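Visitor: following is a predicted model, sequence given first.
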Amino acid sequence: MGDSLITIVAIGLAAILMFVFPLMSLSERTDDISQLAVSTATSEFVDEVRTTGELTLDDYEQYMQTITSTGNSFEIEMQIQELDENPGVKVTQAEMTKIGENVYYNKYTTQIEEELNKNGRIKLKEGDMFTVTVKNTNQTIAQLLRNFFYQIAGDESYQIAAKHGGVVTVNGSN
């Protein structure tokens with residue numbers, strides 16, 4: 001009786017070692033590849049906007065298509081900080097390169113998407129800032145397995161995320 005119980009436990013452990021851990025390892029690797037793809041796409045998208053001075057609907061749709069090709073769904077947050085062209089009325093503060101005197105006005109994702117859908121592009125000027133933050137909204141297989149085996153509570157955690165931003169270096173073309 002004791003030998004058959006040990007045999008059943010041994011078979012159970014062998015099944016876990018042969019199937020579950022490789023599945024967890026493979027799913028973690030898939031998430032790593034997705035993370036790399038999303039991070040790279042986000043950096044390229046933001047750098048393209050920064051170096052051309054304009055955000056186009058085509059570029060945005062191409063970016064969304066690239067990151068969703070990983071098989072995940074994402075929440076994309078964009079922010080444009082527009083540099084005020086007239087930060088002060090004093091002549092002594094008219095120099096835009098002084099630190100601490102520049103005034104920025106923010107546009108967020110919904111405002112940006114509305115303007116893109118209306119005009120097809122947003123022209124930025126030198127000194128504006130553009131930032132994109134993206135994180136997955138679905139649960140990946142690795143997250144499901146990890147939650148099952150480690151009893152991690154909460155569905156609000158995300159596995160795949162990227163953030164990139166910077167200052168626009170040129171004025172957008174007319």
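Guide: On my side now, so go ahead. Residues are numbered from 1 along each chain as shown.

Visitor: any regions of this structure where pLDDT drops low?
Guide: 1-2, 85-101, 151-156, 174 (pLDDT under 70).

Visitor: remind me, longest helix of it?
Guide: helix 21-52 (DSSP state H).

Visitor: does the residue nearest the centre of the chain sit in a helix, a strand or a coil?
Guide: Per CA atoms, centre = their mean, the C-alpha nearest to the average position across the chain is that of residue 134, at 2.1 Å. Assigned with DSSP: H, G, I helix; E, B strand; the rest coil, residue 134 falls in the strand class.

Visitor: tell me the buried residues in the longest helix of the chain?
Guide: Buried residues in helix 21-52, counted by 16 or more other CB atoms under 10 Å: 24, 27-28, 30-31, 34-35, 37-39, 41-43, 45-46, 49-50, 52. Where you see a C-beta, it was placed from the backbone N, CA and C, and this is true even at glycine.

Visitor: which stretches of the protein form strands?
Guide: 54-56, 74-83, 104-108, 121-123, 129-136, 161-167 (DSSP state E).

Visitor: between these, which one is nearest to residue 68?
Guide: Comparing the strands of the chain by their distance to residue 68 (CB to CB), the top pick is strand 74-83, with 6.7 Å.
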